[in-house]
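Enquirer: only the shape, not the letters, is given here:
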């Protein structure tokens, strides 16, 4: 074999041996780098968002303790009042006559005592003294009843609603005037989910945006978290109350749509929640689209009108034409006309009222207070009076929402779910 070919063959063999040696080294001798184990993804809790409604610091529904004819209304909606201001007065002529009779009875009893003291026996004098005391007690009771013919403001605030007119007959316990303390404002959430409530706490700072002022952000603080769940749009929710710590130069109104943004990272020991997502793929949670206030009211009206209109209705204790008109969206005058009743008519339990299908709609806003929500029972409240306070909510729907029956008593301080 020529020398040239032997050289070429030797080079080829060297190359083949080199490649084989390198592959063997890589396969058997080279150090193996550990396969990287996927690290646990760090997660964080995204901002919690909840829709709510602006409400005054305090709301009081004022009612009279006795029935009667409204003679004078001293305030209009929007007026500012201080505690003790006169709001409304009933026609009190009959009560004044009772006071005059009681005063005369006291004078007669005192005159009888004077006579007996001079000429009577000790027993007669004792009976005369008892007669004077009884007459004075009757006078005091008559004055108390006369005082109940006037309604005074129980807090300093704004007249949010006047629910009666002069010349109208009202029942005892019927909501007549609603006062609101608007010295500060709060937001009550509607749709804060049970998955998120575990990641917030009382005292936590939050941010609030309003549909009416989409470019402004307000500061707030959580002051209450409901201990009892509600249902909103098929979800289990908890109402959270936020106190607005600063409203700046903004003009707020009861019922405005608000959006609360809560950062769970500010909680001392936030628990994991279903709103936890992997950090590497996290994108900012979009702020809920601000709805137009009129659209929110439109949805509320649709919910309110879900109750089917019966052809007749059996009156329950404490109900009156005004409340039935608001609940069933019928002008009260049309209910009176359909039943041949005069304007001053009072309904009685068990009375059957015809509800005209073609009646004109109720002339005012049907919902006095935004709902769904919570209501704390006050002394003297009934399911019917609470339903009337909300306006377009039926007593039956309140009972169903709380698993109650009409026979079950309400306890002051008890918290009810209002659907």
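Expert: Noted; the coordinates are in hand. Only a predicted model underlies this, so the values are computations on that prediction, with no experimental measurement involved.
Enquirer: what are the ranges of the helices in this structure?
Expert: Assigned by DSSP state H, the chain shows helices spanning 3-24, 93-119, 122-147, 194-197, 293-304, 321-328, 332-338, 383-390, 395-402.
Enquirer: so which of the ones you listed is nearest residue 346?
Expert: Between residue 346 and those, the tightest spacing by CB to CB is seen for helix 321-328, at 8.7 Å. C-beta coordinates here come from the backbone N, C-alpha and C atoms, glycine included.
Enquirer: tell me what angle that closest one forms with helix 383-390.
Expert: Between helix 321-328 and helix 383-390, the angle comes out at 70 degrees (axes from the mean of the first three to the mean of the last three CA atoms, to 10 degrees).
Enquirer: quick one: helix 321-328 to helix 395-402, angle?
Expert: Interaxial angle, helix 321-328 versus helix 395-402 (the same axes, to 10 degrees): 60 degrees.
Enquirer: starting at the chain centroid, how far to helix 321-328?
Expert: A distance of 20 Å separates the centroid of the chain from that of helix 321-328, by CA atoms, centre = their mean, to the nearest Å.
Enquirer: next, the buried residues of it.
Expert: 321-328 (16 or more other CB atoms under 10 Å).
Enquirer: quick revisit: can you add distance to residue 370 and mean pLDDT and give the helices of the chain back as a markdown table?
Expert: Output for the helices of the chain, formatted as a markdown table (distance: least, CB to CB, whole Å; pLDDT from 0 to 100):
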| stretch | distance to residue 370 | mean pLDDT |
| --- | --- | --- |
| helix 3-24 | 78 | 62 |
| helix 93-119 | 38 | 88 |
| helix 122-147 | 34 | 87 |
| helix 194-197 | 20 | 91 |
| helix 293-304 | 7 | 35 |
| helix 321-328 | 15 | 85 |
| helix 332-338 | 23 | 86 |
| helix 383-390 | 9 | 84 |
| helix 395-402 | 15 | 90 |
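Enquirer: would you reformat those helices as a markdown table and include distance to residue 65?
Expert: Below are the helices of the chain laid out as a markdown table (distance: least, CB to CB, whole Å):
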| stretch | distance to residue 65 |
| --- | --- |
| helix 3-24 | 103 |
| helix 93-119 | 12 |
| helix 122-147 | 9 |
| helix 194-197 | 40 |
| helix 293-304 | 30 |
| helix 321-328 | 18 |
| helix 332-338 | 23 |
| helix 383-390 | 13 |
| helix 395-402 | 22 |
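Enquirer: out of those helices, which is closest to residue 59?
Expert: Going by CB to CB, the one of these nearest residue 59 is helix 383-390, 9.6 Å.
Enquirer: burial count for residue 346?
Expert: By other CB atoms under 10 Å, 12 other residues sit near residue 346.
Enquirer: quick check: it touching residue 172?
Expert: No: between residue 346 and residue 172 there is no contact under CB atoms under 8 Å: 10.8 Å.
Enquirer: how about the strands in the stretch 301-419 of the chain?
Expert: 312-314, 352-354, 373-376, 415-418 (DSSP state E, counting those that start in this stretch).
Enquirer: so how far is the last one from its chain's centroid?
Expert: So that's strand 415-418. With CA atoms, centre = their mean, you get 9 Å for strand 415-418.
Enquirer: deepest-packed of the strands of the stretch 301-419 of the chain, please.
Expert: strand 415-418 (a mean of 18; mean count of other CB atoms under 10 Å).
Enquirer: now do that strand: which elements does it pack against?
Expert: Identification of packing neighbours for strand 415-418 by 3 or more CB pairs under 8 Å, 6 or more residues apart in numbering; DSSP states H and E yields strand 373-376, helix 383-390, helix 395-402.
Enquirer: how about residues contacting it?
Expert: With contacts defined as CB atoms under 8 Å, 6 or more residues apart in numbering, strand 415-418 is touched by 226, 228, 230-231, 371-377, 386, 390, 393, 398, 401-402, 410.
Enquirer: again, 10 Å this time
Expert: With CB atoms under 10 Å, 6 or more residues apart in numbering as the test, strand 415-418 has contacts from 226-231, 239, 369-377, 381, 383, 386-387, 389-390, 393, 397-404, 410.
Enquirer: buried ones among these?
Expert: Those of the contacts of strand 415-418 that meet the buried threshold are 226, 230, 239, 369-375, 377, 381, 383, 386-387, 389-390, 393, 397-399, 401-402, 404, 410, by 16+ other CB under 10 Å.
Enquirer: excluding its backbone neighbours, what's nearest the residue positioned nearest the centre of the chain?
Expert: Central residue check for the chain by CA atoms, centre = their mean: the C-alpha nearest the mean position is that of residue 373, 4.1 Å away. Distance criterion CB to CB, 6 or more residues apart in numbering; nearest residue to residue 373, sequence neighbours excluded, is residue 418 at 5.1 Å.
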